[in-house]
Structures are given as C-alpha cells and as structure tokens.
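> need a structure here:
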Amino acid sequence: MHSLRRVALAALVSFVPLAVASAQRTSPDTTTAPAAASAPVFNPTVHAMVFVDPSYLATEPTIPSGLVMGQAVGHLIASLTDRLAYFGEVTLSSQPTGYTVELERSILRYDFTDAFKLSGGRFHTPIGFWNTAFHHGTWLQTTVSRPEMVKYGSQFMPTHFVGAMTEGNVPVGNFGLGYSFGVGNGRASIISRAGDAGDPTSNRAVTASLSLRPSMLYGLQFGGSYYRDHVAPATGVAADEDISSAYVAWQHESPELIAEYIDVRHTPVGAGTDDNHGFYVQGAYRLPGAAHDFKPYARTERVVTSPDDPIFLPLALGYVGNLGGVRYDFAPFAALKAEFRSEHFQGKPWTKSFLLNASFTIPSLFPGDAEPMVHS
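Alright, predicted model coming up:
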C-alpha cells in the first residue's frame, strides 16, 4: 500500500495530471441553451501539494549541526484543457543566511497521445533514473538524501534543463517502451546552474533517453540516456561535454533495488578527453506482517574524477559514501527516517553523521478538490 501511494504521487508530481481533465470534458453544461447542452464542456482544475522535511543532524567531526529546517516544496498542477496542462514547482530552502526561493520546474505540456507529448519549460534533466524518478520532497524517496552525483546543485551533472521536450510511452510486446528527446540551453557559466537566462555558448544541449518496463516483473525498469553540450564555465576552460548513463531499478518495496552509473566526458578545445565516473547501488526491503511500516535500507556510492580534467579539477568532486537507515511510515502521508552516513569528500577528512528526518506531504490544499488522478 505504501508503495502504490508513493508511486501514484511520484507520477503525479512528474507532471501527469491530465486524467482529471479528460474525465471532465464529457460533463454537460446545464447552464447553456438546449441546443448546446450535449456539447462536451471542460472545467479547468487546479491542484496544489506541499512537501516538508525537517531533520536533526549530528556529525563527527563537528560541523554545523542540530535541527535543520531542510526544504519546503510547493507544487501547482493546472489542467487548462483536456490535453493541455501546466506544472510548477517552487522550493523554499534553509541557508545559514536565511531562506532561498527557487523555481525548480515550470512546464507547459500538450498530450497528443500517450505515445507523443510535447512540452516546454524548465525540467529535471532526464539523465539516468533518480533525477526524474524522485523530485523535490524527500517523502517520495526511501532515503533522507539523494546520491551525491545527482544531488540538487550538483556540479557533476546538470540536474536542470531549460528547453523543449518530446516524450511518450509505447507498448512493444511484453514491454513498455518509454522515450524522451529534448533540445535546449546547456549549463550556465556556473555549471551547477541551468541556462535560465540563455545559453552561454552558441551550442544547444541535446538529451535523449530510453527505458523498458517488462510487464512480467512489476516495478522493474532499465534504461539509459545521453546528453551532449558545450560547456564554458567561469574558469575560462571550454569543453565539449558528453554524458552517458545506464541504470536498472526494481521498485517492488520488497525488495527495492536501484543501481545507476553515469560517465561525464569532457573534451577541451585542442586537447584529449577526460572521463569522470559516478555510481551508486541502493537496496531496501519493506518488512512483512506487523512490521510492514518499517523499511530498512542501505546505499554505497562513488564519484571518481580525472586528475587531468580542467573542468572538474578545481571543484574537488571526488566522493566515497556509505549509508544505512530505516524508514518508518507512521501515517499515510508522513514518514520518519533514521540514517547513519560515513562519507569522504575529496580533500577533507572522513565524516560520520546521524540524521533523524521527518518528511510529509499535504496531497491537496484546496477543499473540495477531487482526488488527484494519474494519466499514464
């Protein structure tokens, strides 16, 4: 039950809200003249959701710790017609100097069919699995934190993408084939940022992905993606950037298994190529019977950068991390997570930390809203 609820909400926040609109277009308008009474009428709908995730952090050696307010996330989902919809996502993040407000996603999408959907705006870049499977709002994911290589604000890979995207799902025999293709602005001169104010180079970024879901194994998905850009960071070293990824994910709750690999290749102008690698393997298992609300989990991960890469060398992105914890779903839309981490960031000593995280969601802010439905 926990799995179905989280999968349904994850699909909803991934911008697939149009079933409500589709159902409404057949509703008769009793206020019009009799001649038009049988004409299909669409009633626009708006849904809003909130995610909150405060944590308590203790570390060794001691760094700023204690209660961390984390991130509050707001989602707005508006069905404008039976095929056109808008999705917006805004975050409020705690910082040492106060709070920052960020527009994370802003997407206008038109569904021609399930096999062909066209959208434009600001997306989570479809590289690998995690970045598009788990969005802002830690209640959606098993663990407290995202893997280091795909964390928000990552310099290793672009987590956001501004441009146009086409995507769809096509049945192929006993498989569901998913695809996406996008063209847009590449990384900004600060490479952790998307090109919101335009592309700093004359080259547009291109991204493509494929995924397969076999019908005989519920929750299993595997696939890969490719991203191409020309980056010109503030360091002044420009390079072609090719990012390839592959993953396998089995979100069956008992068990949950996710493994993902990303290769970031930089080819500076007039120089050779440098490859940088990142991967993680995560496993979890929801306990049976009376302990069903508890879900132990563990993850190991690495980020290995080339010592000759002029883009990544000054950023010291190398990382080794291991974590383990337990998720306790004590209410339908709320969870407690206790997590222990052992981490080594390049150029720094090993850090051990313990986090106690409370994450919850308010699935509908408007009284009288219909239950959010998912359009596949």
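> shaky segments in the stretch 51-200 of the chain?
By pLDDT under 70, the weakly predicted segments of the stretch 51-200 of the chain are 62, 64.
> Number of residues surrounding Gly289?
By other CB atoms under 10 Å, the residues close to Gly289 number 5. Where you see a C-beta, it was placed from the backbone N, CA and C, and this is true even at glycine.
> which residues in the protein form helices?
For the chain, the helices defined by DSSP state H cover 2-13, 18-24, 130-133.
> The ones you listed: lowest mean pLDDT?
Mean pLDDT values for the helices of the chain show the minimum at helix 18-24, a mean of 40.
> Just to check, Thr273 is in contact with Asp263?
No. Here Thr273 lies out of contact with Asp263, judged by CB atoms under 8 Å, at a distance of 10.8 Å.
> just the strands in the stretch 1-150 of the chain please.
Along the stretch 1-150 of the chain, counting by DSSP state E, counting those that start in this stretch, strands occupy 45-52, 55-60, 66-68, 71-79, 84-95, 98-113, 116-124.
> Tell me the buried residues in stretch 151-166?
Neighbour-count burial for stretch 151-166 flags 151-152, 154-163, 165 (criterion: 16 or more other CB atoms under 10 Å).
> What is the end-to-end distance of stretch 195-211?
One end of stretch 195-211 sits 26 Å from the other (CA to CA, to the nearest Å).
> What residues of that stretch count as buried?
Residues Gly195, Asp199, Pro200, Thr201, Asn203, Arg204, Ala205, Thr207, Ser209, Ser211 are the ones in stretch 195-211 that count as buried (16+ other CB under 10 Å).
> Columns distance to His230 and mean neighbour count on top of the strands of the stretch 1-150 of the chain, output as JSON lines?
Shown next, in JSON lines, are the strands of the stretch 1-150 of the chain (distance: least, CB to CB, whole Å; neighbours: other CB atoms under 10 Å):
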{"stretch": "strand 45-52", "distance to His230": "35", "mean neighbour count": "19"}
{"stretch": "strand 55-60", "distance to His230": "38", "mean neighbour count": "15"}
{"stretch": "strand 66-68", "distance to His230": "37", "mean neighbour count": "11"}
{"stretch": "strand 71-79", "distance to His230": "32", "mean neighbour count": "21"}
{"stretch": "strand 84-95", "distance to His230": "28", "mean neighbour count": "18"}
{"stretch": "strand 98-113", "distance to His230": "24", "mean neighbour count": "15"}
{"stretch": "strand 116-124", "distance to His230": "20", "mean neighbour count": "20"}
